[in-house]
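Enquirer: quick one, structure for this:
(chains A and B)
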Amino acid sequence: MLLFREGSREAFEELFSRHHRAVVRFAWRMTGDPSAAEEAAQEIFLRIARAAPTYLPTAKFTTWMYTVARRATLNYLRDTKEDWEKVPILSDGEGENGVYPVQLPGPGERNPEQVVWEAQLTERFRTALGELPEGHRAAFVLNRGDGLSYEEVAQVLGITVQAVKTRIFRAREMLLSRLSEDVSA
Amino acid sequence: MGCRDIRETISAWVDGEASPEEAALVREHLASCERCGLLERQMRAVGAGVRQVRGSVPDRFREEVFALLESEGALPPRKMVFPAAWRWAAVPLAATAALGFFLLTLGDGIRERATLPTTTARMESPGTSAPLTTEDREMIALLDFLEDPADLDANDDTEGMELLVPGDSADSPNPARGIRSGA
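Expert: Residues are numbered from 1 along each chain as shown, chains lettered A, B, ... in the order given. Next up is the predicted model:
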């Protein structure tokens, strides 16, 4: 990024090669739509390029990149008039005694039936993810999807680590509740 | 700590973000609470689920991004290849120019020598245009005389001289040119 700031086009091409998949994935998880994700990802790289002159290496580049990415997707979602507060945060104890009737595959469980079931579940999961409040979705996606630590997520979102911990827990609860509704229906 | 109070800590523990003290509490609770044990597995599964939402990068994505950045003037211009090449080309170009100049100069010298008309002119000192004196002309005439073999043959001073050549004889078909044997 510093080389790009000094005017190296090749540095930006290298930066793009390294990070464009992660940026597209993040945009996809945040918007839940392929064309929207592509448009948002383009906006993210435009913002990164424009912000280069003022970039200061005070944090990891990826943390800064996700900060830009999150703001870009947030603006995109606002521009497309998503009501990202429409899903209320669940109260404690939702789900009977904190246990949800949904059966989820474990990381090591893969057989043909499981793969088909996972494909269906992935689609339901994507829908449920899109229904989370944006701040909870961002925290959960950044941590579980992109591998950022709670501390890094806190930097990206501009909140405390405790708030990240709470948002991720709430996101889990809401996802399990939503997926349980699908099972019950 | 009851189930409701520890669930958020279980979520952080699943993500590897619990402190050692919190982790000890979670392990202790899970060892005795089957319901929270099931919730812990569901939390892990739902965490893994987000990684299944990957999407894909369209083939044209790179071209579209760079076209957008170009149109917005957000990219520095691509470096020209030629300036660097010309910088390195200067060395052979200079060498070629020097060689050409040398050959042209050499050509002039050859032409100058080729146009020198007579022995008289050849005897003139290069770079001087002073006219020849009478003494000079006599010396040149003498030198011309000495350079003419026919004149040597006509010189009687060689009469009576013997040419001693191994195997040579009076019958030799090729007596040394310009030297008459006394036999």
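Enquirer: can you give me the helices in chain A?
Expert: In chain A, the segments counted as helices under DSSP state H are A:2-5, A:9-31, A:34-51, A:61-79, A:112-130, A:134-140, A:150-157, A:161-184.
Enquirer: hmm, I typed the wrong one, I wanted chain B.
Expert: B:3-14, B:20-32, B:34-49, B:61-71, B:82-114, B:119-123, B:134-147, B:149-154.
Enquirer: in terms of mean pLDDT, which of those ranks lowest?
Expert: Mean pLDDT per stretch puts helix B:119-123 lowest among the helices of chain B, at a mean of 48.
Enquirer: show me chain A divided up by domain.
Expert: Taking automatic domain parsing as the reference, chain A has its domains at A:2-79, A:112-184.
Enquirer: I'd like these as a markdown table, with distance to chain B and mean pLDDT appended.
Expert: Yep, even glycine has a C-beta here, placed from its N, CA and C like the rest. Conversion of those to a markdown table gives the following (distance: least, CB to the nearest CB, whole Å; pLDDT from 0 to 100):
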| stretch | distance to chain B | mean pLDDT |
| --- | --- | --- |
| domain A:2-79 | 3 | 86 |
| domain A:112-184 | 4 | 88 |
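Enquirer: so how far is A:L175 from the nearest residue to A:P34 once chain neighbours are set aside?
Expert: Spatial nearest neighbour of A:P34, chain neighbours left out: B:G55 (6.1 Å); criterion: CB to CB, 6 or more residues apart in numbering or on different chains. Noted for B:G55: a distance of 18 Å to A:L175, by CB to CB, to the nearest Å.
Enquirer: so for the two, which residue has more residues nearby?
Expert: For B:G55 and A:L175, the more surrounded residue by other CB atoms under 10 Å in any protein chain shown is A:L175, and the numbers stand at 29 against 20.
Enquirer: what residues does the more buried one make contact with?
Expert: Going by CB atoms under 8 Å, 6 or more residues apart in numbering or on different chains, A:L175 touches A:125, A:128-129, A:132, A:140, B:46, B:49.
Enquirer: farthest-apart pair in those residues, please.
Expert: The distance between the two most remote of the contacts of A:L175 (CB to CB) is 12.5 Å, for A:L132 and B:G49.
Enquirer: which of the helices of chain A is buried the deepest?
Expert: Of all these, helix A:134-140 carries the top mean neighbour count, a mean of 24, counting by mean count of other CB atoms under 10 Å in any protein chain shown.
Enquirer: other residues contacting that helix?
Expert: Contacting residues not belonging to helix A:134-140 are listed as A:29-30, A:70, A:74, A:77, A:82, A:84, A:89, A:129-130, A:132, A:153, A:156-157, A:159, A:164, A:167-168, A:170-172, A:174-175, B:50 [CB under 8 Å, 6+ apart].
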